[in-house]
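Q: with the sequence up front, the predicted model follows.
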Amino acid sequence: MGYREHQEASAGRPVSCAVITVSDTRTVETDTSGAYIQQALQKHGHRVVHYEIIPDEPEIIRDRLERLTGQEEPQAILFTGGTGISKRDTTYDVVAAFLEKTLPGFGEIFRYLSYLEIGSGAIMSRATAGVARNTVIFSIPGSRNAVELAMNKLILNELSHLVWEVAR
């Protein structure tokens with residue numbers, strides 16, 4: 001079976017997801033990026049089985065990865081926030097160290113698409129994705145525009161297929 005056949009075999013399969021916003025300042029009321037991710041997932045037939053906002057603290061991010069991966073659910077975790085280069089941006093570092101298999105193309109294409117929209121500032125994004133403990137993990141920037149780009153151009157198109165590939 002080739003790529004297209006695998007993608008067709010997995011199409012439409014609902015995925016159970018966790019959405020975690022990493023922010024020192026956002027609340028449920030102000031977390032438009034986390035809300036957008038949840039709505040987009042549900043609109044495409046996926047289930048959000050866990051949602052929370054956590055501070056950008058490496059120990060807390062690592063704890064969530066430990067607790068949520070390797071279980072029957074969620075099959076995918078989507079982090080938003082903490083992918084920049086400021087001192088408080090640690091999500092990328094923790095997630096990248098935790099991944100067993102990386103999907104370098106995700107970050108590369110995300111930055112390319114970002115470049116087309118915002119120009120050279122796209123180089124500051126450390127968006128990444130991969131697999132750990134049989135769970136697909138995405139880490140994307142926290143801005144609403146970046147979330148919409150990642151969800152609509154990349155994640156929603158491949159989420160079912162990625163989870164299907166990990167499970168087979």
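A: Happy to help now that I have it.
Q: can you show me the strands along the chain?
A: Ranges of strands within the chain are 16-22, 47-54, 76-80, 101-102, 128-132, 135-140, based on DSSP state E.
Q: let's test this: mean pLDDT of the longest helix along the chain, rounded?
A: Secondary structure of the chain per DSSP state H: the longest helix is helix 104-118. Regarding helix 104-118, the rounded mean pLDDT is 98.
Q: wouldn't Val49 be in contact with Glu73 here?
A: Yes: judged on Cβ atoms under 8 Å, Val49 makes contact with Glu73 at a distance of 5.1 Å. Heads up, the C-betas are built off the backbone N, CA and C, glycines and all.
Q: quick check: neighbours shared by those two?
A: Common neighbours of Val49 and Glu73, using Cβ atoms under 8 Å, 6 or more residues apart in numbering, are Ser16.
Q: who does Tyr51 bridge with?
A: Beta bridges link Tyr51 to Val19, judged by DSSP bridges.
Q: in this structure, which spans are helices?
A: With helices called from DSSP H, the chain shows them at 3-10, 32-43, 58-68, 91-98, 104-118, 144-150, 156-167.
Q: name the residues of the fifth one that come out as buried.
A: When neighbours are counted by 16 or more other Cβ atoms under 10 Å, the buried residues of helix 104-118 are found to be 106-107, 110-111, 113-114.
Q: now Ile135: closest residue in space, sequence neighbours ignored.
A: No Ile there; residue 135 is Thr. Counting by Cβ to Cβ, 6 or more residues apart in numbering, Thr135 lies nearest to Thr69, which is 4.1 Å off, once chain neighbours are set aside.
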